Every structure is written in structure tokens, then in C-alpha cells.
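Chemist: Sequence first, predicted coordinates after that:
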Amino acid sequence: MSNVRTRTDRVLPTTRGVVYLHSCPPALAPHVEWALAGVLNRPARLEWTNQPASPTQLRAEVAWIGPTGTAAALAKALSAWPMLVFEITEEGTAASDGERLAYVPGRGFHRSMISASGDVVVGEERLRGLAARARSVEEFQHGLADLLGASWDADLEPYRMGGHGAPVTVLPAVV
């Protein structure tokens, strides 16, 4: 990947990722596309399909290429609609870790660092903090599950299953 110049003329490494829109009301689909286009600086015309886990909702996936930090900017744009269910991934670069941002209504956001092999990585300072706070083995196990995003994964899994075999929109790179 190459580098991207920002509006302030900083050069950021280019990365890529995927937006998984697991659940979106049909009336919001065009607004979601506009929000994605606003962050990615190019049109985002998604191929929407029905979401089997929530029959009145739509789902879509879109692969993107952009500067590091794009996943967070996309998540911020989508947070305007708290009824959406989504995940956004961003691959790591030589200068940054990969990440996954997950949003579930009623639960909020979960942000995980992701290794090159796709595993969730929990930083040393977070583990030390958990070890210092936990008063029992059960508290430690519960805290570790929170750090790994286990509750978000449990809530998202039915939606993920609805996406198997579904089309993925690939946006062309504009660098």
C-alpha cells in the first residue's frame, strides 16, 4: 500500500478494511451510503440484501481503502443512527495496529486491537489493570471476557451468519 495525503498535508500510511452493516432499516440505507461516501471521499453504492436474523432489516458489506484511522471515522459517521448494528475492521500497517470496532444498540461500542492473524490483542496495561481490580477468579474471567468483547460477539453472531455468501461491494481506491 502507498501513503495518503490528508487535508492538512500530513502523509498517513494507507490501509484497508471492511464495513459490515449487519442491520439497517431500509429507509436509512441511502443515508448510510452518504455517510460512508463522506468519509471515504467517493461514492458508496452498496448492494443491500435482506438480513435473515432481522427480517425487516437490510445488510451490506463494503471493502474500503484509506488512511489509517478511517475505521474510527466511519464508526463516528455511522454512530448518528443508534439503531444500526455494524462492525468495521482496519488492517494494521507498519505504523499502526489493526482494529475492529463493533456497535450493538443498547450495548454501545467495543474497540479491539487485532493482530495480523485476526486475533484480538489485549494490551499489557489493560491486563495489569484487570488483574489489580479483580477480587476473584470469577471477576477476572468476566473482566477478560469484556476486554475480548465476548458480549458483543455473542450479540453479533446471528447477524454474521446472515451474511454468509452475501455480496461484498468493493470501493475503488482514490489516493
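Modeler: Yep, that arrived. Residues are numbered from 1 along each chain as shown.

Chemist: Leu46: neighbouring residues, count only.
Modeler: For Leu46, the count of nearby residues is 22 (other Cβ atoms under 10 Å). All C-beta spots, glycine's among them, are computed from the backbone N, C-alpha and C.

Chemist: That one and Leu28, how far apart?
Modeler: Distance from Leu46 to Leu28, counting by Cβ to Cβ, to the nearest Å: 12 Å.

Chemist: cool, and Glu91?
Modeler: Distance from Glu91 to Leu28, counting by Cβ to Cβ: 27 Å.

Chemist: and if you look at Pro67?
Modeler: Using Cβ to Cβ, Pro67 is found at 26 Å from Leu28.

Chemist: now swap in Ser115 and tell me
Modeler: Distance, Ser115 to Leu28, by Cβ to Cβ: 33 Å.

Chemist: Then Leu148?
Modeler: Leu148 sits 30 Å away from Leu28, going by Cβ to Cβ.

Chemist: repeat for Gly106
Modeler: 18 Å.

Chemist: With neighbour numbers in mind, choose between these two.
Modeler: Set Gly106 next to Leu28 and count neighbours by other Cβ under 10 Å: Leu28 wins out with 18 against 6.

Chemist: Let me know the pLDDT of that one.
Modeler: Predicted confidence (pLDDT) at Leu28: the value is 97.

Chemist: hang on, isn't it packed against Trp81?
Modeler: Yes. Here Leu28 lies in contact with Trp81, judged by Cβ atoms under 8 Å, at a distance of 5.7 Å.

Chemist: Work out for me the element Ala100 sits within.
Modeler: Careful, residue 100 is Arg; it's not Ala. If you go by DSSP states H and E, Arg100 is part of strand 98-104.

Chemist: ok, now Ala60?
Modeler: Using DSSP H and E, Ala60 sits in strand 58-67.

Chemist: now swap in Phe109 and tell me
Modeler: If you go by DSSP H and E, Phe109 is part of strand 108-114.

Chemist: From the chain's centroid, how far away is the strand holding Ala60?
Modeler: Relative to its parent chain, strand 58-67 has a centroid offset of 9 Å by Cα atoms, centre = their mean, to the nearest Å.

Chemist: show me the residues around the one residue sitting closest to the centre of the chain that make contact.
Modeler: With distances taken as Cα atoms, centre = their mean, the residue of the chain nearest its centroid is Ile88 (1.6 Å). Residues counted as contacts of Ile88 (Cβ atoms under 8 Å, 6 or more residues apart in numbering) are Gly17, Val18, Val19, Tyr20, Ala71, Leu74, Ala75, Leu78, Arg100, Leu101.
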